[in-house]
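**Q** Please find the sequence and the predicted model below.
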Amino acid sequence: MARLILVCGPTGAGKTTYSLSLAKEVGAIRFSIDPWMQTLFSKDMVSLDYSWMIERVNRCHEQIWEVSEQILTLDGSVLLDLGFTTKIQRDLFISRAKLLDINAEVHYLDVPKDIRKKRIENRNMEKDPAVYAFEVTDMMFNFMEPKFEAPSQEELKYGCKVNA
């Protein structure tokens with residue numbers, strides 16, 4: 001039976017680490033936004049312009065969904081590690097899943113800010129290719145921090161909150 005898992009959490013919550021483990025555990029195809037953005041757009045980015053960045057994130061989302069939909073239609077499982085910073089982003093994928101008669105699972109990684117900052121420092125130093133796509137600077141962390149919208153209980157109806 002097809003399964004769609006959306007992993008969300010603020011910067012440094014451990015979304016990619018969690019996604020790698022869960023995808024292996026449940027046999028899902030995993031898509032992660034960071035390598036897409038790094039490969040396709042990092043060389044073109046001249047400043048931290050949220051509107052410029054989110055337009056490109058949305059382009060990646062469209063391509064990722066096109067492939068995900070094919071997998072789900074074949075009763076495969078898909079795990080999306082796309083950040084899902086806002087409710088609007090999550091709602092789009094939840095509604096697309098409903099059109100396929102699938103209840104999307106939202107997995108929310110809830111991690112205190114101080115732990116997330118420490119994780120980012122470690123990731124930036126270690127540069128483990130499994131989870132490191134680019135350096136996250138303090139400026140980037142602080143830029144994204146107020147943009148994250150935690151999911152509501154309603155959004156977590158088919159998913160879970162993970163204190164990772």
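**A** Cool, got the structure.
**Q** give me the low-pLDDT residue ranges for this protein?
**A** 37, 39, 41-42, 45-49, 128-135, 164 (pLDDT under 70).
**Q** Name the next helix or strand downstream of the lengthiest helix in the chain, please.
**A** Secondary structure of the chain per DSSP state H: the longest helix is helix 50-73. Proceeding N to C from helix 50-73, the next assigned helix or strand is strand 77-83, under DSSP states H and E.
**Q** Phi, psi for residue 2 please.
**A** Phi and psi for residue 2, reported as degrees, to the nearest 10, are phi -60, psi 150.
**Q** That one contacts residue 70, doesn't it?
**A** No. Checked against CB atoms under 8 Å, the pair residue 2 and residue 70 is beyond contact range at 11.0 Å. Yep, even glycine has a C-beta here, placed from its N, CA and C like the rest.
**Q** other SSEs contacting the helix or strand hosting residue 24?
**A** In this structure, residue 24 sits in helix 15-26 according to DSSP H and E. With contacts taken as 3 or more CB pairs under 8 Å, 6 or more residues apart in numbering; DSSP states H and E, helix 15-26 sits against strand 3-8, strand 29-32, strand 77-83, strand 105-109.
**Q** residues of the helix or strand following the last one that come out buried?
**A** Read that as strand 105-109. Remark: after strand 105-109, the chain's next helix or strand is helix 113-126, criterion DSSP H and E. Buried residues in helix 113-126, counted by 16 or more other CB atoms under 10 Å: 116-117, 119-120, 123.
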